[in-house]
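1. here are the coordinates; sequence isn't available:
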Ligand SMILES: [Mg+2]
């Protein structure tokens, strides 16, 4: 990070705790990964966090320019003119992935594509935050799924895990159901845990705990019951589709090691959800002395 001037005296106070949190998050998510994978994974999440912050804290025109430049880096594998430290960091990250996995590895290409989708979702998310009017859960889920980042997270997880299986299995749309349900679950947890912080910062419009509460005039308790019910539904759908994909592919895999790898890939979602949840529970900025959630009181 220091290498490209991403971490400097000015931002060190803000970024250092983030970076520490992210490295714990990655180790929690991939306990069996080798050191190089841990470093690459940490690199990815640091980039995504810093980039997200950049878009959050800049005017839309500047944000859009940054997004397009980042997309071009991923798409062409080349830096734009006068690259920023963050852009040099992004290309360095992809160069390292290419060294490890090969430039035209289909799983790496899939990861590139979902990363571009993620970039493309950032500005619509910002725009809708500024609009007035009611939010609905279906619009929310639709936008939040891109924004929460589970899909690129799964993409990089598969890249580290898939060594034996044919990557064509990833084209099955059942994976998409798993990504969507895992994304919804992470988003709902994020809303509950970040609710009070976002309320204080006047950044709560796209938080479902908030908009369901205000639109329906619900109490905190009623709102929690709603979130619980949504989570139950998402978990149920998740497990239905997880079973379907296991039933579909496991009988086609004759070798024990292939089956094990398949289960490891399915398990990536479990690790993502549990690591995200752990991270939210520990995040200092979500805690306060008088939180409505006992678990978040200091
Ligand atoms: Mg939030």
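-> On my side now, so go ahead. Quick caveat: nothing in here was measured; it's all calculated off a predicted structure. Numbers count the residues shown, from 1 in each chain.
2. Give the buried residues for stretch 14-26.
-> 15, 19, 21, 22, 23, 25, 26 (16 or more other CB atoms under 10 Å). C-beta: built from backbone N, CA, C; applies to glycine.
3. Just give me the closest of the residues you listed to residue 279.
-> Nearest to residue 279, judged by CB to CB, of these is residue 25 at 4.9 Å.
4. was I right about that closest one contacting residue 275?
-> Yes: with contact defined as CB atoms under 8 Å, residue 25 reaches residue 275; the gap is 5.6 Å.
5. can you list the buried residues of stretch 14-26 in TSV and add pLDDT?
-> Below are these laid out as TSV (pLDDT from 0 to 100):
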residue	pLDDT
15	83
19	86
21	88
22	90
23	89
25	92
26	92
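6. okay if I get the residues you listed as TSV plus secondary structure and distance to the ion?
-> Below are these laid out as TSV (DSSP: H, G, I helix; E, B strand; the rest coil; distance: CB to the ion, whole Å):
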residue	secondary structure	distance to the ion
15	helix	19
19	helix	20
21	helix	15
22	helix	17
23	helix	21
25	helix	16
26	helix	20
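7. could you redo these as a markdown table and give each row distance to residue 240?
-> A markdown table is the format used below for the buried residues of stretch 14-26 (distance: CB to CB, whole Å):
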| residue | distance to residue 240 |
| --- | --- |
| 15 | 41 |
| 19 | 38 |
| 21 | 33 |
| 22 | 32 |
| 23 | 34 |
| 25 | 28 |
| 26 | 29 |
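8. how close does residue 213 sit to the ion?
-> Distance of residue 213 to the ion, computed by CB to the ion, to the nearest Å: 14 Å.
9. er, residue 12 I mean
-> Noted for residue 12: a distance of 25 Å to the ion, by CB to the ion.
10. count of residues packed around that residue?
-> Number of residues near residue 12 (other CB atoms under 10 Å) recorded here: 13.
11. For it, give its distance to residue 19.
-> According to CB to CB, to the nearest Å, residue 12 stands 10 Å off from residue 19.
12. Kindly provide the distance from the residue in the stretch 151-298 of the chain that the ion sits nearest to to residue 267.
-> Per CB to the ion, residue 194 is where the stretch 151-298 of the chain lies closest to the ion, at 3.4 Å. In this view, residue 194 and residue 267 are 26 Å apart by CB to CB.
13. So for the two, which residue has more residues nearby?
-> Neighbours were tallied for residue 194 and for residue 267 using other CB under 10 Å; the higher tally belongs to residue 194 (21 against 13).
14. who's in contact with the closest residue in space to the more buried one that isn't next to it in sequence?
-> Of all residues not flanking residue 194 in the chain, residue 286 sits nearest, at 5.9 Å (CB to CB, 6 or more residues apart in numbering). Each residue near residue 286 by CB atoms under 8 Å, 6 or more residues apart in numbering is listed here: 193, 194, 196, 197, 280, 296.
15. State the pLDDT value of residue 286.
-> Confidence at residue 286, expressed as pLDDT, is 91.
16. phi, psi of it?
-> Per-residue torsions, residue 286: phi -90, psi -10 (degrees, to the nearest 10).
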